[in-house]
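> One predicted model, sequence on top.
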Amino acid sequence: MKKLLVLFSLMTLIISTVDAQTNKRTSAFMYNKNQQYDKAKTAIDEAIAHPKTESDAKTWMYRGIIYYNIAISKDEAVKALDPNAAEVSYESFLKSMEYDPKESLKGETSFYLIQLTNLFYQRGAEGFQNENYADAAKNFVVAYKIAEADGRFDTIAAFNIGMSGVYSGDAELAEKTMPYLQKCIDVDFRDPRVYLFYARSQKQLGDTTAAFTVLEKGRTLFPSDLSLQLEQSQLYLETGQNEKLIVSLKEAIQADSTNENLYRVLGQTYENTGDIENAVLYYQKAIEINPNFGDAIFNLGAIYVNQAAQLYSEANNLPLEEQKKFDELKKLADDNLYKALPFLERSLELNPGDEIVLSALKEAYANLKMNDKLKSLSE
């Protein structure tokens, strides 16, 4: 009889313990309903920590809900209960799904997972706007993983992760976030910016060959997209492939004939290859589009200054008996300086404190014996 009583007492103790933990869960639910989040947190944490309820789907779901409410609370005291409440909420819902193979709680769990996705999106956007790109990427990753856990592929989150990595300027972060851009390509996410940022990621890792490959694929899919065209041109410029750069820039100009900077870069590219005639032509086109385009104006003036300097050097290296040749070269040099003057003077008007322009003008005035202008400029 005693054995039966002892057995009965043990069973009662076990049932009482389980009931106590279930009551903790119920208490947590009621505290949450009454917005007593400190008490709700304490109760649900105790229920979760107990072996009898640590594998209960509903307990984990309640924990996810309570921590979600802590995360979105406007009350700083409530938010201070756990600064990582949003992450804890996400992890709790994952546990709830793990212990709910029949998906009896799927509807409510999915609802909160969507709310959490929006919360991490908001945090990611704030980080991006504040140029805290590592934090932005971290939050977008959680948003992506939440969607993944809920059976969805979030291409926007994946794209934002990759973009944040590129904007960070951190090669290590870019390498970690680059696979998310590949995921976008794998599911045929039709946005040319995916290829743009993927190429930049490759470039940050020092793999320009891979960057060119990505851009070529992007341009095949989006042949009229100017951003990809310009990115390709920039990469040609950075790698010193002038012939390909010229072709690429001319294609870009066909797509955007009013972009003065494209003409300026094309002029500079021709200048780098020694084709001064075309350099002058495209600098002039840039100035026609924008008469106040300081870079093109100065570059055009600099071409004539450099030609003059070369001619002066040739003249000064002649033997004394070749006076006629000296005079011819000096006149050609002076003519180039006269051509340069209006561009240098206009450049100074646009950039009054530019020491390079000032120095070039002073030298031009001195060589041309324009003493009044030299004096005025010096003063």
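Okay, I see it.
> Using CSV, write out every CA atom in stretch 242-249.
Output in CSV follows, covering the C-alpha atoms of stretch 242-249 (Å, rounded to 0.1, in the frame of the first residue of the first chain):
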residue,chain,number,x,y,z
ASN,A,242,42.2,52.8,-73.9
GLU,A,243,41.1,51.2,-77.2
LYS,A,244,38.2,49.4,-75.5
LEU,A,245,37.4,52.4,-73.4
ILE,A,246,37.1,54.6,-76.5
VAL,A,247,34.6,52.1,-78.1
SER,A,248,32.7,51.9,-74.8
LEU,A,249,32.5,55.6,-74.4
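> Tell me how far that stretch lies from the chain's centre.
Relative to the mean C-alpha coordinate of its chain, stretch 242-249 is positioned 26 Å out (CA atoms, centre = their mean, to the nearest Å).
> cool, and stretch 311-323?
The gap between where stretch 311-323 is centred and where its chain is centred comes out at 55 Å by CA atoms, centre = their mean.
> How about that stretch, which residues are buried there?
Judged by neighbour count using 16 or more other CB atoms under 10 Å, the buried positions of stretch 311-323 are Leu311, Tyr312, Ala315. In short, each C-beta sits where N, CA and C put it, glycine included.
> For it, measure first residue to last.
14 Å (CA to CA, to the nearest Å).
> which other residues reach it?
Here stretch 311-323 makes contact (CB atoms under 8 Å, 6 or more residues apart in numbering) with Lys325, Phe326, Leu329, Lys330, Leu332, Ala333, Asn336, Asn367.
> Which of the helices or strands spans the third one?
The reference is to Leu329. Per DSSP states H and E: Leu329 is located in helix 323-350.
> Give me the buried stretch members for that helix, please.
For helix 323-350, burial by neighbour count (16+ other CB under 10 Å) applies to 326, 329-330, 332-334, 336-337, 339-341, 343-348.
> Count the neighbours of Ala158 for me.
Burial of Ala158 is recorded as 28 neighbouring residues (other CB atoms under 10 Å).
> picking up where we left off before, going on from the helix holding Leu329, what's the next piece of helix or strand?
As assigned by DSSP H and E, the chain's next helix or strand after helix 323-350 is helix 355-367.
> Show me what that following helix is packed against.
Here helix 355-367 touches helix 294-316, helix 323-350, helix 371-378, going by 3 or more CB pairs under 8 Å, 6 or more residues apart in numbering; DSSP states H and E.
> mind listing what's buried in that helix?
For helix 355-367, burial by neighbour count (16+ other CB under 10 Å) applies to Val357, Leu358, Ala360, Leu361, Glu363, Ala364, Tyr365, Asn367.
> Reformat the residues you listed as JSON lines; add pLDDT.
Shown next, in JSON lines, are the buried residues of helix 355-367 (pLDDT from 0 to 100):
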{"residue": "Val357", "pLDDT": "89"}
{"residue": "Leu358", "pLDDT": "89"}
{"residue": "Ala360", "pLDDT": "88"}
{"residue": "Leu361", "pLDDT": "89"}
{"residue": "Glu363", "pLDDT": "88"}
{"residue": "Ala364", "pLDDT": "89"}
{"residue": "Tyr365", "pLDDT": "88"}
{"residue": "Asn367", "pLDDT": "87"}
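> ok, of these, which one's closest to Ser168?
Of all those, Val357 has the smallest distance to Ser168: 36.3 Å, by CB to CB.
> residues contacting that closest one?
Contacts of Val357 by CB under 8 Å, 6+ apart are Phe298, Leu344, Ser347, Leu348, Asn351.
> For Ala71, state which of the buried residues of helix 355-367 is nearest.
In terms of CB to CB, no member of these lies closer to Ala71 than Val357, at 56.7 Å.
> so how far is Lys24 from that closest one?
Look at Val357 and Lys24: by CB to CB, to the nearest Å, they are 77 Å apart.
> got it, and Lys106?
From Lys106 across to Lys24, the span is 24 Å (CB to CB).
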